[in-house]
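> Quick one, fold the following:
(chains A and B)
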Amino acid sequence: MSRREVRLAGTGGQGLILAGLILAEAALSEGHHTVQTQAYGPQSRGGASKAEVIIDLQEIDYPHVAHPGVVLAMSQEACDLYHGDLDPAGVLVADTTFVHRLPEVPQRLVAEPITRRVLQEVGRAIVANISALGLVVALTGVVSRESLTRAVRERAPHGTVELNLAALKLGFRLAEGKEPVAWS
Amino acid sequence: MRLLQGNEACAEGALYAGCRFFAGYPITPSSEIAEHLARRMPQVGGTFVQMEDEIASLAACIGASLTGVKAMTATSGPGFSLKQEHIGFAAMAEVPCVVVDAQRAGPSTGMPTSPAQGDVQQARWGTHGDHPVVVYSPWSVQETFELTVRAFNVAETLRVPVILLLDEVVAHMREGVELPAPGRMPVLERSRPTGDPAAYRSYACAPGEDVPPMADFGAGFRMAVTGLTHDESGFPSGRPAVADALVRRLAGKVERRVGELAAVDGRYLEDAQIVLISFGCTARAGLRAVRLARERGLPVGLLRLIGLWPFPDRAVAELAGRVRGMLVAEMNLGQVRREVERAARGACPVAGHHRVDGELMNPEELLAALEVLA
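A predicted model of the protein is given here:
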C-alpha cells in the first residue's frame, strides 16, 4: 500500500478530530505508519475544522495532506474551503444535511444526508461523525471495517459504545451499492 | 505502539525522566502538556500546579527543583517571552529545569493555532548576559518523547535550563509511539553532596569538575542561592575575578561539551553536493523534498539539526568544506541560516528558504529551491 491521505472536515464540535484520531488508531492497529493532524481556528466550536490522516506502509516524512484521496465535508464552509486539492482520482463525500451547494468537481461526488439519517435511524446527531467515518472507510478501504469497529469501541466514551457502534453500522450501510474507491 | 500527540509524548517523556513537578499556565499550542500532566501527576505522586502566569510558573519550577524534584513548565511564544527572566536566574543559580516552548506564529500573540520556528534565537539569547543554555527541537512524536528525557538528563547533570523547542505541527500531530520500558533509556540524576553538611559550599566544584554538587533544600545543607554574581559559598560578590571565573565556568559547562550535546541527523549525505539544512516540522517537508530530488537524480542530502544550541558548528563546517551549496529551510526569516553562514565560514554558498505565514512548508517549494542550487 502506498501513501493514503484522508481529510475529515466540518465545523468545530462535530467530532471530526475525534473521528480522525479513531481512524489513525485503527491504522496503527493494522501495523501501518500513520500521522493525524488537525487544523482549527481560535474557537473550539463553530469555526471550520479539519482532521487529516495519512496512512502508509513506509515511514511518513511530510506530515500534511497534499492531495487527499477522500474529503469528507460536513459543513458548507468546510466543503467550499477544503475540496480544492482533492486528488484527481479522489472522492468528495458531502453530508447534504449541511452542504446545500455541491461544488462542481470533475472528481467523484458522494452526496448523502448523513446527519439526517443518523438522527432518523440512531436517534442522536452527536454520533454523525462515526457514521460519516464508517461511510468513508467502507468506500475507501483505508482500514478494515473490523479494525475500525475495534477502534470505535475502544474510544467511545463510557456508556455510549452501543450508540457509537449503531452509528458505525449505519455508516457502513450508507456505502452499500456504491462503487469502492480505487486508489492510485 | 500507542497513538500519541506530540504534547502528550512530551508529558510522558517528562514522567519517564522522573519529572514530578509541573507548574504552568495554559496557552495554545502547548496546553495539552499541562492537561495531560494534570491527570498524570497525581497518579505518580507528583505535583501539578496551574499558576497565575508564566513568570510564576517557572519560578515555582525553580523552587521545586531546589528541593530536589525534577521540574518542568510548558508554554508558547508569548509565555516564553515572560519566562526569560527566570531562565536567566536558573542559568545563573544553576537550577536544573526543562522549559518547553511549543512555537506558534508571532511576534506577540500572532496566530495561536499556526506553526512557526521563530523562537530559535530567543531560546539562546532571550535572557540577558552570557549564559549557558541547551536547546533541542524534535521532528516527530517519538523523538519528542526521547528528547524530553534527554532534556532532563542534560538539565540535571549540567545544572542548566534546557529548552525543548516544539512547534505547533509536532506539538499537535499524532503518531505511533513506542514507549520504552523503565530502564531502557538512561535517566540521569544530579550530583548531590555526600560530605559534612556543615562544610558544604553551594557552588564549590570538586577539583577538575565544573558542575558543583547540588544539595536538596531542607536536607540539612546550608544553601545560599542568588541571581547576583556569587562566589563558591553562594553569597554575592562584586570581585572582578569572582565574576570572571563564574561567568566563564557557567558558559564553559556547555561549550566544553558541545560534542556530546549537539545532535544532528544526516540523510543521503554520503555523495551529496547540495545540503538542505532544517529542523523540527520543516525537516519533515525537507526529507520529502530530498527524496523527490533524488528521484530526479539530484545529489541532494539532508542535515537535520536535533540540537539547536550549542550550535553544531562542526557538522556544518565539515559539510560546507565538501559540498557545492547549502539551503537552510526554516519557518522564520533566517535565525538558523545566519548560524549556518557563520559556521560555514564562506566555504560554500548558503541560501535560505523562509516562511512566516503560519503554513508548514510544502516539499514542492523546497524542491524548487533545491533545483535552483543544483
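> who in chain A is up against chain B?
A:21, A:24-25, A:28, A:33-42, A:60-64, A:66 (C-beta under 8 Å from any C-beta of the partner chain). No exception for glycine: its C-beta is placed from N, CA and C like everyone else's.
> Now with 6 Å, please.
A:24-25, A:28, A:35-37, A:61-64 (C-beta under 6 Å from any C-beta of the partner chain).
> Quick one: neighbours of the residue in the stretch 1-150 of chain B that chain A sits nearest to, just the number.
Of all residues in the stretch 1-150 of chain B, residue B:3 sits closest to chain A, at 5.0 Å by C-beta to the nearest C-beta. Residue B:3: 22 surrounding residues under other C-beta atoms under 10 Å in any protein chain shown.
> Surely it is in a strand?
Yes. Under DSSP: H, G, I helix; E, B strand; the rest coil, residue B:3 falls within a strand.
> list the contacts for it?
Counting by C-beta atoms under 6 Å, 6 or more residues apart in numbering or on different chains, residue B:3 touches A:24-25, A:28, B:174, B:176.
> Filter those down to the ones in helices?
A:24-25, A:28 (DSSP state H).
> Only whichever of those are buried, select them in ChimeraX.
Entered in ChimeraX, the line below selects the buried ones among the ones in helices among the contacts of residue B:3, by 16 or more other C-beta atoms under 10 Å in any protein chain shown:
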select /A:24,25,28
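> Using JSON lines, lay out the ones in helices among the contacts of residue B:3 together with pLDDT.
What follows is the ones in helices among the contacts of residue B:3, written out as JSON lines (pLDDT from 0 to 100):
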{"residue": "A:24", "pLDDT": "98"}
{"residue": "A:25", "pLDDT": "98"}
{"residue": "A:28", "pLDDT": "97"}
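> Which one of the ones in helices among the contacts of residue B:3 is nearest to residue B:73?
Nearest to residue B:73 out of the ones in helices among the contacts of residue B:3 is residue A:24 (C-beta to C-beta; 28.9 Å).
> Name the nearest residue to the closest one, sequence neighbours excluded.
Computed as C-beta to C-beta, 6 or more residues apart in numbering or on different chains, the closest residue to residue A:24 that is not its neighbour in sequence is residue A:36, at 3.9 Å.
> Need the phi and psi values for that neighbour.
Note on residue A:36: backbone dihedrals following degrees, to the nearest 10 are phi -120, psi 130.
> what's the distance between it and residue B:174?
Separation of residue A:36 from residue B:174 (C-beta to C-beta, to the nearest Å) stands at 4 Å.
> What of residue B:342?
Going from residue B:342 to residue B:174 by C-beta to C-beta gives 37 Å.
> Also residue B:43?
22 Å.
> These two - which one has more neighbours?
Using other C-beta under 10 Å as the criterion, residue B:43 and residue B:174 rank with residue B:174 on top: 28 against 8.
> Across the sheet, point out what pairs with that one.
Beta bridges link residue B:174 to residue A:36, residue B:5, judged by DSSP bridges.
> what comes into contact with the strand or helix carrying residue B:39?
Here residue B:39 sits within helix B:31-40, counting by DSSP states H and E. Residues outside helix B:31-40 that contact it (C-beta under 6 Å, 6+ apart): B:5, B:7-8, B:10-11, B:22, B:24, B:26, B:48, B:74.
> Which helix or strand contains the residue of chain A most remote from its centre?
For chain A, the C-alpha farthest from the mean C-alpha position belongs to residue A:159; by C-alpha atoms, centre = their mean, that distance is 23.1 Å. For residue A:159, there is no host helix or strand (DSSP H and E).
> Give me the distance between it and chain B.
20 Å (C-beta to the nearest C-beta, to the nearest Å).
> all helices in the stretch 201-350 of chain B, in order from the N-terminus.
B:240-255, B:258-261, B:280-295, B:313-320, B:337-344 (DSSP state H, counting those that start in this stretch).
> packing partners for the last one?
The elements that helix B:337-344 packs onto, with contact taken as 3 or more C-beta pairs under 6 Å, 6 or more residues apart in numbering or on different chains; DSSP states H and E, are helix B:313-320, strand B:350-354.
> Please render these as CSV that adds mean neighbour count and distance to chain A to the earlier fields.
Listed next are the helices and strands packed on helix B:337-344 as CSV, based on neighbours: other C-beta atoms under 10 Å in any protein chain shown; distance: least, C-beta to the nearest C-beta, whole Å:
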stretch, mean neighbour count, distance to chain A
helix B:313-320, 18, 21
strand B:350-354, 20, 15
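> Residue B:35 - how many residues pack around it?
16.
> Distance check, it against residue B:80.
19 Å.
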